[in-house]
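Enquirer: pasted the sequence and its predicted model underneath.
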Amino acid sequence: MATSSTDRTACIWDLRSMSAHKPKTLTTLSYGKVVHFAYFSPSGSSLATTSSDNKVGVIIGVNFEDVSMIYHDNWTGRWLSTFRAIRGWDDSYLFIGCMKRGVDVISLAQRRTIMTLQSPQMFAIPCRFDSHPYEVEMLAGATSGGQVYMWTPR
């Protein structure tokens, strides 16, 4: 199980070995500011986090020992919901909203933002996403104002 917290940490827990009196984490990652989100990949082989200190954390490895911090402008202010990175159809990419009214695509292999999906028809900043479970490469993004944008392959 993974948790994110206002105490500026993201933790990975093994529920099989938890004690009611002294729970211990498998891994604890510390950040400079609040951690909004921690999400395992579909395969369970990696964890992605987002935080207010403008970082997307990617943790991989057999024991989650390989940590990468990727810069991303996560400062949404008070009028937008916080950004949450999601995975698409496999463990290859993360999708996260960006302040440029688009979607940043982060490659986990390259550990960097490789492109931004944008459109002249997009008038707001998408902050929540979901990928279609059966239609590969179909992505939906919603804004705090109730708009929904869809991306599909050409």
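Expert: Here it is on my side, so go on. Residues are numbered from 1 along each chain as shown.
Enquirer: what are the pairing partners of the least confident helix or strand in the chain by mean pLDDT, and which direction each?
Expert: The helix or strand of the chain with the poorest confidence is strand 86-87; it has a mean of 79 (mean pLDDT, DSSP states H and E). Its sheet considered, strand 86-87 pairs with strand 93-98 (antiparallel) by DSSP bridges.
Enquirer: the strand it pairs with: how far from the chain's middle?
Expert: Between the centre of strand 93-98 and the centre of its chain there are 7 Å (Cα atoms, centre = their mean, to the nearest Å).
Enquirer: and whichever helix or strand comes after that strand, what's its mean pLDDT?
Expert: As assigned by DSSP states H and E, the chain's next helix or strand after strand 93-98 is strand 102-107. Averaging pLDDT along strand 102-107 gives 86.
Enquirer: and if you look at stretch 134-152?
Expert: 82.
Enquirer: ok, and what's touching that stretch?
Expert: By Cβ atoms under 8 Å, 6 or more residues apart in numbering, the residues outside stretch 134-152 that reach it are 79-81, 88-89, 95, 97, 103, 117, 119, 122-132, 153. Heads up, the C-betas are built off the backbone N, CA and C, glycines and all.
Enquirer: can we see that at 7 Å?
Expert: Contact partners of stretch 134-152, identified using Cβ atoms under 7 Å, 6 or more residues apart in numbering, comprise 79-81, 88-89, 95, 97, 103, 117, 122, 124-132, 153.
Enquirer: quick one: which of the residues you listed sit in strands?
Expert: 95, 97, 103, 117, 126, 127, 128, 129, 130, 131 (DSSP state E).
Enquirer: got CSV for these, with distance to residue 32 and neighbour count too?
Expert: Shown next, in CSV, are the ones in strands among the contacts of stretch 134-152 (distance: Cβ to Cβ, whole Å; neighbours: other Cβ atoms under 10 Å):
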residue, distance to residue 32, neighbour count
95, 24, 21
97, 21, 29
103, 25, 22
117, 28, 16
126, 25, 27
127, 21, 18
128, 24, 16
129, 25, 22
130, 29, 13
131, 30, 18
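Enquirer: need the worst-confidence member of the residues you listed.
Expert: For these, the pLDDT minimum is residue 127, 77.
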